[in-house]
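Peer 1: make a model of this:
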Amino acid sequence: MHNVPTDEVFVIGHKNPDTDSICSAIAYAHLKNQHENKYIPKRAGNINKETQFVLDYFGVQEPALVSNVNVQVKDIAYRIVDGVSGDITMKRAFEIMQDNDATTLPVVNNGKIKGIITVGDIAEAYMLEKDDNSLFIAGTKFSHIIDTINGELVYGDADEYVKDGRVIVGAAQVDILERHVKENDIVIVSDRVEAQLAAINCGASMLIVCLVNSISDVVLEFAKNKGCAVVVTPTDTYAVARLIGQSMPIGFFMIRDRIMTFYEDDDIDTLKTTMAKTRVRYFPVTDGYGNYKGLVSRRNYINARKKQLILVDHNERTQSVDGVENAEILEIIDHHRIANIETMNPVYFRNQPLGCTATIIYQMYKEQNVKIDKPIAGLLCAAILSDTLAFKSPTCTFIDEAAAKELARLAEIDIYEFAMEMFDAGSNLKDKTMDEILHQDFKKFDIGDMVVAVGQINSVNEKEIDRIRNGMREFLGGYMEPGCDVVLFAMTNILQEGSGIICVGENAQELCSKAFDVQLEDSYAYLSGVVSRKKQIVPALVKATHQI
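Peer 2: Down below sits the predicted model:
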């Protein structure tokens, strides 16, 4: 039996998600699930206050965070082999291995890995056994012996442990037997009353009588007086002598130190690297709580299932969730410029020059004749209002505005009152650090030979914008985003319909001056009428790169 990777598809927006990214992921997953219920909305970063307001307003739970989409151990069809108790015998452990076509068994207690036993460990313990009192050393119970030889306890305590003694086959004459049997020995005999009584009289702790299912009352009474356990078995003497060594519990022989395990969430690269350094064939898999789940081997990861994704509101590799290059992209729904996401196979790619991805998804609901319920309508409407700054952004089209108004009717909200409440919630940044504010809505773009990062906040609070401007100039004075050449931060005043920008990095002053035809003072300039990163800021930066 093998673990079957879940047949789920993540619908996910860009890093540092905005309201459109989150709401579009939720709404599109809901649409896709009308046909096949396996689409799950996810987020690639923390939710900002504006988006949280929207989710709370319409009573929708935020998507779970996905930090990367690399192939993980849980995406592998690893073997599900039940864990066993360290108290089972070597014989029983070997039988379980045969039944499961396995060479390794995990020893588990209360769901947690305590050790590993392999066929090799069992063979070595059995074949190389050299101690006469190995049953005692291994902590063998009478019940272990009884189960292994298919016996029945006639007298004694099955939970008693074997004492420090040897295993003797009592096939000799009585006088010879009496010279060899010592106190606490386990004696294997046939249906010979004289030999049975002699073994008991010599102080044997257990008498195993073969090829019978009962013993004489005389022997039984003598055994009780001497405190000797009595077991009968239909198995012959040779077989009992051969099997009794397999009655030792595997807990004594299992590997218990430095057991290498993998978590279900471990990347497959971690798995490969570790396996390359050891000759061990199977490794236990545990969940996040340390509970045993199954066994994974080298051959299991050959056909590992890649994460399946639908990307919304972006198609740029630098903006996507970590590990996207190792995932299988099925669809892309976006309204930005076509950038550099690569796919292994042809995919459904819908890209329209609209103000918001949510507008495209609204169209898809209409095209597929799927009813839009109140929460979904509210999310889609909020996303359009956010991305178009309540229709003030130059990215806004009449299609966006018409869609938002229809969605507002379905969501039963006053479109302008709701927009102001939403923007006001998003503008409340007093509890955030400058680093958090910078990365609240932050995207990286490959522009020419440079990587340019553009962060943006939208606010209706002029005093808050002034406070952030002063704090951000100081913060960016000693900061550069890893992997970026230029960082531009835009503070957009929704009511004034303009943005202050702070630009830092090598050639940042020259780039921004040419892009926006302004002179920056102490890395700052105000751009009247500029509110859209997608349609005004990034295109201007792209054009300017050809001039410097």
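
Peer 1: please make it C-alpha for all contacts and neighbour counts, starting now.
Peer 2: OK.

Peer 1: just the helices from the stretch 251-400 of the chain, written as ranges.
Peer 2: Using DSSP state H, counting those that start in this stretch, the helices of the stretch 251-400 of the chain run over 268-275, 357-367, 374-387, 398-411.

Peer 1: so what's the nearest residue to residue 318 once chain neighbours are set aside up against?
Peer 2: Nearest residue to residue 318, sequence neighbours excluded (CA to CA, 6 or more residues apart in numbering): residue 444, at 5.7 Å. Counting by CA atoms under 8 Å, 6 or more residues apart in numbering, residue 444 touches 318, 319, 451, 452, 453, 454, 484.

Peer 1: now the buried members of those.
Peer 2: Neighbour counting by 16 or more other CA atoms under 10 Å classes 318, 319, 451, 452, 453, 454, 484 among the contacts of residue 444 as buried.

Peer 1: which one of the residues you listed is nearest to residue 67?
Peer 2: Among these, residue 319 lies closest to residue 67 (CA to CA), at 12.6 Å.

Peer 1: picking up where we left off before, and the residue nearest to residue 318, what are its bridge partners?
Peer 2: residue 453 (DSSP bridges).

Peer 1: could we number from 58 for the rest of this?
Peer 2: I'll keep to 58 as the first residue from here, and by that count the last item is residue 501.

Peer 1: for the one helix or strand residue 245 maps to, packing partners?
Peer 2: Here residue 245, judged by DSSP states H and E, is contained in strand 243-246. Applying 3 or more CA pairs under 8 Å, 6 or more residues apart in numbering; DSSP states H and E, we find strand 243-246 packed against strand 224-226, helix 250-258, strand 263-267, helix 294-300.

Peer 1: the same query, at a cut-off of 10 Å, please.
Peer 2: The contact analysis (3 or more CA pairs under 10 Å, 6 or more residues apart in numbering; DSSP states H and E) places strand 243-246 against strand 224-226, helix 250-258, strand 263-267, strand 286-290, helix 294-300.

Peer 1: nearest to residue 183, of those?
Peer 2: Using CA to CA, the helices and strands packed on strand 243-246 put helix 294-300 closest to residue 183, at 9.8 Å.

Peer 1: what does the lowest-mean-pLDDT helix or strand in the chain rub up against?
Peer 2: None of the helices or strands of the chain scores lower by mean pLDDT, DSSP states H and E than helix 176-184, at a mean of 79. Applying CA atoms under 10 Å, 6 or more residues apart in numbering, the external contacts of helix 176-184 come out as 146-148, 150-151, 154-155, 159-162, 175, 185-186, 191, 299-300, 302-305, 307, 309-312.

Peer 1: just put the helices and strands packed on strand 243-246 in TSV and tack on mean neighbour count, distance to residue 130 and mean pLDDT.
Peer 2: Converted to TSV, the helices and strands packed on strand 243-246 look like this (neighbours: other CA atoms under 10 Å; distance: least, CA to CA, whole Å; pLDDT from 0 to 100):
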stretch	mean neighbour count	distance to residue 130	mean pLDDT
strand 224-226	19	47	91
helix 250-258	21	57	93
strand 263-267	26	49	95
strand 286-290	24	47	96
helix 294-300	16	39	92
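
Peer 1: let me have these in CSV, extended by distance to residue 128.
Peer 2: Below are those laid out as CSV (distance: least, CA to CA, whole Å):
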stretch, distance to residue 128
strand 224-226, 54
helix 250-258, 64
strand 263-267, 56
strand 286-290, 54
helix 294-300, 46
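
Peer 1: residue 340: which of those is closest?
Peer 2: Among the helices and strands packed on strand 243-246, helix 294-300 sits nearest to residue 340 (CA to CA), with 29.5 Å.

Peer 1: which strands and helices sit next to that closest one?
Peer 2: helix 199-205, strand 224-226, strand 243-246, strand 263-267.

Peer 1: let's see it at 7 Å
Peer 2: On a contact count with 3 or more CA pairs under 7 Å, 6 or more residues apart in numbering; DSSP states H and E, helix 294-300 meets no helix or strand.

Peer 1: just give me how far it sits from the chain centre.
Peer 2: The gap between the average C-alpha position of helix 294-300 and the chain average comes to 49 Å, counting by CA atoms, centre = their mean, to the nearest Å.

Peer 1: ditto for stretch 487-497
Peer 2: The chain centre lies 29 Å from the centre of stretch 487-497; the measure is CA atoms, centre = their mean.

Peer 1: compute the first-to-last residue distance for it.
Peer 2: 13 Å (CA to CA, to the nearest Å).
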